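In: coords below, sequence missing:
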């Protein structure tokens with residue numbers, strides 16, 4: 001059985017690698033190719049340290065760095081940049097989750113910089129705070145999720161009002177605690 005708490009209890013981080021690959025010019029013709037690659041790594045609850053032994057992070061990172069190294073050695077491609085995107089699950093305050101996602105993105109950025117110090121043009125981090133899209137995907141994939149359709153409606157149709165301090169995130173979390181008198185929320189936490 002799929003355990004939704006793996007998302008809620010252990011923070012999700014994903015690399016999103018944007019590669020713009022340019023080919024060599026052949027006469028008047030230019031061959032331009034673009035591509036992306038990604039790897040997902042996981043963090044322990046409330047933690048921004050990357051543990052290679054947690055949920056196969058080490059194997060995931062090795063596979064990604066092998067693919068990345070192969071691309072770097074390809075003479076017809078040039079990697080223009082790398083984007084690291086980090087998120088957190090909804091437990092805790094919105095501000096805490098934003099800071100946590102910033103620290104996680106920075107941990108991954110440092111790791112990539114250590115592996116490949118001068119290999120591409122730019123390296124940026126995108127801390128997302130709460131990763132609502134990732135949570136929606138996990139709920140969608142969990143056929144045993146209680147009140148699944150209600151939870152998906154809450155995730156897909158957030159409050160229409162948005163304030164500068166992300167109060168809509170707090171309202172969405174409050175609404176997620178309602179289905180089944182909190183049973184759906186407790187299921188996601190367990």
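Out: Okay, I see it. Only a predicted model underlies this, so the values are computations on that prediction, with no experimental measurement involved. Numbers count the residues shown, from 1 in each chain.

In: next up, the contacts around residue 86.
Out: 13, 14, 101, 102, 104, 105, 108, 125, 126, 127, 128 (Cβ atoms under 8 Å, 6 or more residues apart in numbering). For every residue, glycine as well, the C-beta is placed using N, CA and C.

In: widest-spaced pair of those?
Out: The largest separation in these, counting by Cβ to Cβ, is between 14 and 102 at 14.9 Å.

In: what distance do you get for residue 97 to residue 106?
Out: Going from residue 97 to residue 106 by Cβ to Cβ, to the nearest Å gives 15 Å.

In: same check, this time on residue 82
Out: For residue 82, the distance to residue 106 - Cβ to Cβ - is 14 Å.

In: which of the two has more neighbours?
Out: Using other Cβ atoms under 10 Å, the more surrounded residue of residue 82 and residue 106 is residue 82, with 24 against 15.

In: doesn't the more buried one belong to a strand?
Out: Yes. The assignment for residue 82 by DSSP: H, G, I helix; E, B strand; the rest coil puts it in a strand.

In: from what I see, residue 37 and residue 67 are in contact.
Out: Yes. Contact criterion Cβ atoms under 8 Å: residue 37 and residue 67 qualify, at 6.0 Å.

In: now for the helix or strand residue 64 falls within, which elements pack on it?
Out: Assigned by DSSP states H and E, residue 64 belongs to helix 57-73. The elements that helix 57-73 packs onto, with contact taken as 3 or more Cβ pairs under 8 Å, 6 or more residues apart in numbering; DSSP states H and E, are strand 12-26, strand 29-42, helix 94-115.

In: state the mean pLDDT of the second one.
Out: Over the span of strand 29-42, the pLDDT mean works out to 67.

In: which non-adjacent residue is nearest residue 108?
Out: In space, and not counting its chain neighbours, residue 108 is closest to residue 84: 4.7 Å by Cβ to Cβ, 6 or more residues apart in numbering.

In: which strand residues bridge the one you found?
Out: Residue 84 forms beta bridges with residue 15, residue 125, as assigned by DSSP bridges.

In: all good on my end, thank you.
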